[in-house]
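Colleague: Any chance you can model this:
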Amino acid sequence: MIRKLLATGAVLLPCICLLFFCSSEQPVAGTETGTETGTLTGSVYDADNSPVANAYVFLHEDRTDTGRIAMDNIHSADSTWTDSDGAFRFDPVSAGDYFVEINAGDSLGVVVSTRVPERETESVVGVVEPMGSIVGTIDSALATPGRQLYVYIAELERFLKAGPAGSFSILNVPYGNFSLYIMTQSGGILAECDSVPVRKGEQTIVESVGTASG
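Modeller: Reported below is the predicted structural model:
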């Protein structure tokens, strides 16, 4: 179950979590990358439409449709900074789908999805807004005593250790919808929760991740 905390109270939203059962917890494979390349450029603005200089820009490969995650590729995103005009550039970039994560400091950020075509230039625009957070717990059937579990946000390639009772807290998450994976230390995926919403400046609570339904 997902709860979104608002100034006026809590809103309950349904969440369907997919469970993964396997006889052995083997590391999952990564996504193959094509050999053709393109170029990705972009501009970053604030809410007043002013360019944002020195914003940190991460380029994450879109792995959300693969159902598989490469442990050796976690935190492998390319990164750069915006210049004085709020512009950035990645060149060359393997053709494919990406998430562009922008962190402008002061808890301001945004995520933009895009596709980089072969031998062409793709341009994106990001407007930074107040970021939110995700806090929650892993279902007790998975978070058993002595078992170390991890939470992975596919779109942001963030991998963090859950607490002893399966609790977790993910701060500075740009607004949008995200996929959470519950994983073992060896990389086995135990559960997935799709479309976890994060709103501007708000906290989303995810309860009992790993149950068949929220």
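
Colleague: Now for Ser43, which secondary structure element holds it?
Modeller: For Ser43, the host element (DSSP states H and E) is strand 37-45.

Colleague: neighbouring contacts of that strand?
Modeller: Contacts to strand 37-45, defined as C-beta atoms under 8 Å, 6 or more residues apart in numbering, come from residues 51-52, 55, 57, 59, 82, 85-95, 98, 100, 102, 104, 110, 112, 114, 116-128. Every residue, glycine included, has its C-beta placed from N, CA and C.

Colleague: From those, list just the buried residues.
Modeller: 52, 55, 57, 59, 82, 86, 88, 90, 93, 95, 98, 100, 102, 104, 110, 112, 114, 116, 122, 124, 126-128 (16 or more other C-beta atoms under 10 Å).

Colleague: For Gly188, give me the pLDDT.
Modeller: Gly188 is assigned 86 on the pLDDT scale.

Colleague: Over to Thr204?
Modeller: Thr204 is assigned 97 on the pLDDT scale.

Colleague: which strands and helices sit next to the helix or strand hosting it?
Modeller: Following DSSP H and E, the helix or strand that holds Thr204 is strand 203-209. When contacts are defined as 3 or more C-beta pairs under 8 Å, 6 or more residues apart in numbering; DSSP states H and E, strand 203-209 sits against strand 2-6, strand 132-138, strand 176-184, strand 189-198.

Colleague: In space, what's closest to Tyr175 - neighbours in sequence excluded?
Modeller: Of all residues not flanking Tyr175 in the chain, Lys200 sits nearest, at 4.8 Å (C-beta to C-beta, 6 or more residues apart in numbering).

Colleague: Quick check: that neighbour touching Val128?
Modeller: No: the pair Lys200 / Val128 is not scored as a contact, 10.2 Å apart, by C-beta atoms under 8 Å.

Colleague: residues near Asp83, how many?
Modeller: 15 (other C-beta atoms under 10 Å).

Colleague: how close does the closest residue to Asp139 other than its chain neighbours sit to Gly86?
Modeller: Computed as C-beta to C-beta, 6+ apart, the closest residue to Asp139 that is not its neighbour in sequence is Gly210, at 3.6 Å. The gap separating Gly210 from Gly86 is 41 Å, by C-beta to C-beta, to the nearest Å.

Colleague: List the buried residues of stretch 44-60.
Modeller: Those would be Val44, Tyr45, Val52, Ala55, Val57, Phe58, Leu59, His60, for stretch 44-60 by 16+ other C-beta under 10 Å.

Colleague: which one of these sits closest to Ser140?
Modeller: His60 (31.2 Å; C-beta to C-beta).

Colleague: bridging residues for the closest one?
Modeller: Beta-bridge partners recorded for His60 (DSSP bridges): Phe99.

Colleague: Below-threshold pLDDT in the chain: ranges please.
Modeller: 1-35, 65-76, 212-214 (pLDDT under 70).

Colleague: ok, 80 please
Modeller: Within the chain, the segments meeting pLDDT under 80 span 1-35, 63-77, 211-214.

Colleague: taking the contacts of strand 37-45 one by one, which sit in strands?
Modeller: 57, 59, 87-94, 98, 100, 102, 104, 110, 112, 114, 116, 121-127 (DSSP state E).
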